[in-house]
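Asker: give the three-dimensional model of this entry:
(one chain, ligands or ions: 1)
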Amino acid sequence: MLHKHIGVFVTGGIAAYKVPNLIRMLIKAGHEVQVAMTPAAGAFVTSQTLATVSKHPVLTDEHEFDDPSHVAHVAFAHWMDMALIVPATANTIAKLASGFADNVVTNALLAFNGPKLVVPAMNDQMWLNAQTQANIAHLKSLGMAVLPPATGFLAEGYQAVGRMPEEAVIALFVDTYQPQPTLQGKQVVITAGGTKERIDPVRYIGNDSSGKMGTALANIAAAMGADVELITTANLPTLPQVHVSAVQSASEMQQAVALNFDASDVVIMAAAVADYHVATPSDHKLKKVSEESGLTLELAQNPDILKSIGTAKTHQLVVGFAAETDELLTHAQAKLAKKHADLLVANLVGHGHGFNQDTNAVWLLQPNHEPKQVPEASKLEIAEQILNTIQQKMG
Ligand code: CTP
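Answerer: Residues are numbered from 1 along each chain as shown. Next up, the predicted model:
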């Protein structure tokens with residue numbers, strides 16, 4: 001992930017009180033943050049708090065002309081490479097849609113030509129108002145990215161749409177931002193995480209896969225404009241436009257893939273699917289038989305999901321993964337052929353590699369191509385490279 005200069009623009013909504021926590025997350029992720037705020041935002045969060053967490057003075061109307069050597073809102077616009085408007089009120093959204101420049105926030109945003117990410121948060125009726133919706137549509141047509149508000153408990157005391165998404169989701173919105181919707185209109189099915197094969201109601205056979213790679217692929221694909229179905233055993237933050245199907249076992253995963261297969265353009269099997277399940281799982285908690293004896297479980301083979309869709313594909317592009325502890329390329333080449341995949345992503349696992357890490361280093365294998373090495377990078381960056389390769393293959 002590239003570390004950015006992020007201009008955080010705080011406007012006058014109650015969710016402003018959560019922005020200091022968001023700024024801490026962005027800084028922890030390696031970004032540098034400077035804040036500008038409207039006069040109305042000051043009713044919900046102080047400039048001193050925002051200055052302390054961002055480690056920079058905050059740009060306000062009151063202090064705009066403190067330093068006569070430069071025009072503060074223009075210098076601010078020059079400094080940043082991404083603008084994040086959070087929370088964005090209906091009022092500021094309307095101003096942005098019309099090109100107003102009547103405070104430091106709207107001035108700096110008008111002086112900035114780079115990516116603008118908007119996080120609306122407001123009362124449900126204000127959000128659903130046709131005027132606000134028309135303004136939002138206009139911001140999108142101007143190239144701004146909009147993170148839709150969540151449905152949940154509003155400050156008004158009832159459940160409705162309008163709530164600011166969790167800070168982790170906003171940080172994800174920043175880190176997955178894509179300037180071009182290169183996968184617009186594509187249906188992408190992605191599996192993630194290790195399957196859990198039940199022994200009894202409280203025990204299972206699992207593996208070390210965290211689901212981070214598959215979830216990163218789902219988030220980046222959604223940011224590229226694809227319709228994403230994420231079939232997963234993991235519970236990690238996703239962008240609101242990712243449709244998540246929670247599954248546990250290989251057989252549930254197979255059913256969910258089958259349900260989505262015909263309509264899909266791409267299927268990416270990033271999940272670590274168990275090769276076996278317990279032949280007859282117990283419907284009650286197994287008890288120790290005696291103090292001395294061991295336990296033998298009979299395992300039966302699971303379906304090979306990748307192989308079956310690789311064989312059945314018509315127009316779909318089928319992508320597999322191979323996680324190996326040794327002889328990576330030899331095993332991966334064999335899997336590419338055996339499973340009829342169009343692309344295989346191979347990586348080393350174990351000894352601090354792969355599973356449950358935030359970074360990865362992979363090889364991309366395609367039939368009749370030399371393997372291509374992708375050096376160590378964050379899983380979001382690896383996901384971007386995999387999806388760019390997929391997009392090029394689709395033409
Ligand atoms: N896979 C699958 N169904 C299975 C097992 C694996 O769809 N029952 C998929 C995985 O999602 C991955 C690819 O196949 O995309 C390779 O998984 P891996 O476990 O490395 O392959 P196996 O065929 O199980 O080979 P191994 O003998 O190394 O376990």
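Asker: residues contacting the spatially most central residue of the chain?
Answerer: For the chain, the residue sitting closest to the mean C-alpha position, by C-alpha atoms, centre = their mean, is N219 at 3.2 Å. With contacts defined as C-beta atoms under 8 Å, 6 or more residues apart in numbering, N219 is in contact with 172, 176, 238-239, 242, 380, 383. (Each C-beta comes from the backbone N, C-alpha and C, glycine too.)
Asker: repeat that for G12.
Answerer: Taking C-beta under 8 Å, 6+ apart as the test, what G12 contacts is 38-44, 89, 91.
Asker: helices of the stretch 51-200 of the chain, start to end?
Answerer: For the stretch 51-200 of the chain, the helices defined by DSSP state H, counting those that start in this stretch occupy 72-79, 90-98, 104-110, 124-128, 130-141, 167-175.
Asker: want to throw the ones you listed into JSON lines with mean pLDDT, mean neighbour count and distance to V318?
Answerer: As requested, the helices of the stretch 51-200 of the chain are exported to JSON lines (pLDDT from 0 to 100; neighbours: other C-beta atoms under 10 Å; distance: least, C-beta to C-beta, whole Å):
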{"stretch": "helix 72-79", "mean pLDDT": "97", "mean neighbour count": "18", "distance to V318": "45"}
{"stretch": "helix 90-98", "mean pLDDT": "98", "mean neighbour count": "20", "distance to V318": "42"}
{"stretch": "helix 104-110", "mean pLDDT": "98", "mean neighbour count": "23", "distance to V318": "43"}
{"stretch": "helix 124-128", "mean pLDDT": "97", "mean neighbour count": "16", "distance to V318": "40"}
{"stretch": "helix 130-141", "mean pLDDT": "98", "mean neighbour count": "14", "distance to V318": "32"}
{"stretch": "helix 167-175", "mean pLDDT": "98", "mean neighbour count": "21", "distance to V318": "27"}
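Asker: which residues are in contact with the residue of the stretch 51-200 of the chain found nearest the ligand?
Answerer: With C-beta to the nearest ligand atom, the shortest gap between the stretch 51-200 of the chain and the ligand falls at T191, namely 6.3 Å. Contacts for T191 (C-beta under 8 Å, 6+ apart) come out as 214, 230-232, 253, 257, 268-271, 273, 305.
Asker: how near is the residue nearest to the centre of the chain to the ligand?
Answerer: 19 Å (C-beta to the nearest ligand atom, to the nearest Å).
Asker: whichever helix or strand that residue is part of: what's the following helix or strand?
Answerer: Following DSSP states H and E, one finds N219 within helix 212-223. Next helix or strand after helix 212-223 toward the C-terminus (DSSP H and E): strand 227-232.
Asker: the inter-axis angle of that next one versus helix 212-223?
Answerer: Put simply, strand 227-232 runs at 160 degrees to helix 212-223, going by axes from the mean of the first three to the mean of the last three C-alpha atoms, to 10 degrees.
Asker: alpha carbons only: can I get strand 227-232 in PDB?
Answerer: Taking Å, rounded to 0.1, in the frame of the first residue of the first chain, the C-alpha atoms of strand 227-232 are listed here in PDB:
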ATOM      1  CA  ASP A 227     -20.200  -6.900  -8.500                       C
ATOM      2  CA  VAL A 228     -18.600  -9.100  -5.800                       C
ATOM      3  CA  GLU A 229     -19.900 -12.200  -4.100                       C
ATOM      4  CA  LEU A 230     -17.500 -13.100  -1.300                       C
ATOM      5  CA  ILE A 231     -18.000 -16.700   0.000                       C
ATOM      6  CA  THR A 232     -16.100 -16.800   3.200                       C
END
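Asker: low-scoring stretches of the chain, by residue?
Answerer: For the chain, the stretches with pLDDT under 70 are 1, 351-352, 354.
Asker: now for the longest helix seen in it, which elements pack on it?
Answerer: The single longest helix within the chain, with elements called by DSSP state H, is helix 379-394. On a contact count with 3 or more C-beta pairs under 8 Å, 6 or more residues apart in numbering; DSSP states H and E, helix 379-394 meets helix 212-223, strand 266-269, strand 317-324, strand 343-348, strand 359-365, strand 372-378.
Asker: what residues does the stretch 201-350 of the chain have near the ligand?
Answerer: 250, 269, 271, 273, 275, 302, 304-306, 320-323, 335 (C-beta under 6 Å from any ligand atom).
Asker: hmm, try it at 8 Å
Answerer: Along the stretch 201-350 of the chain, the residues adjacent to the ligand under the rule C-beta under 8 Å from any ligand atom are 250, 253-254, 269-275, 302-309, 319-324, 331, 335, 338-339, 341, 344.
Asker: please pick the buried ones from these.
Answerer: Using 16 or more other C-beta atoms under 10 Å as the burial test, these include 250, 253-254, 269-274, 302-309, 319-324, 335, 339, 341, 344 as buried.
Asker: buried residues of stretch 283-303, list them for me.
Answerer: Under the neighbour-count rule (16+ other C-beta under 10 Å), stretch 283-303 has 302-303 buried.
Asker: before we move on, the earlier item: report the two of the contacts of N219 separated the most.
Answerer: Within these, two members stand farthest from each other by C-beta to C-beta: V242 and L380, at 13.8 Å.
Asker: what's the neighbour count on the residue lying closest to L299 once chain neighbours are set aside?
Answerer: Nearest residue to L299 in three dimensions, chain neighbours excluded: Y276, at 3.8 Å (C-beta to C-beta, 6 or more residues apart in numbering). Y276: 14 surrounding residues under other C-beta atoms under 10 Å.
Asker: beta partners of Y276?
Answerer: Legend: beta-bridge partners of Y276 under DSSP bridges are Q301.
Asker: surely it meets D304?
Answerer: No. Counting by C-beta atoms under 8 Å, Y276 sits too far from D304 to count as a contact (11.6 Å).
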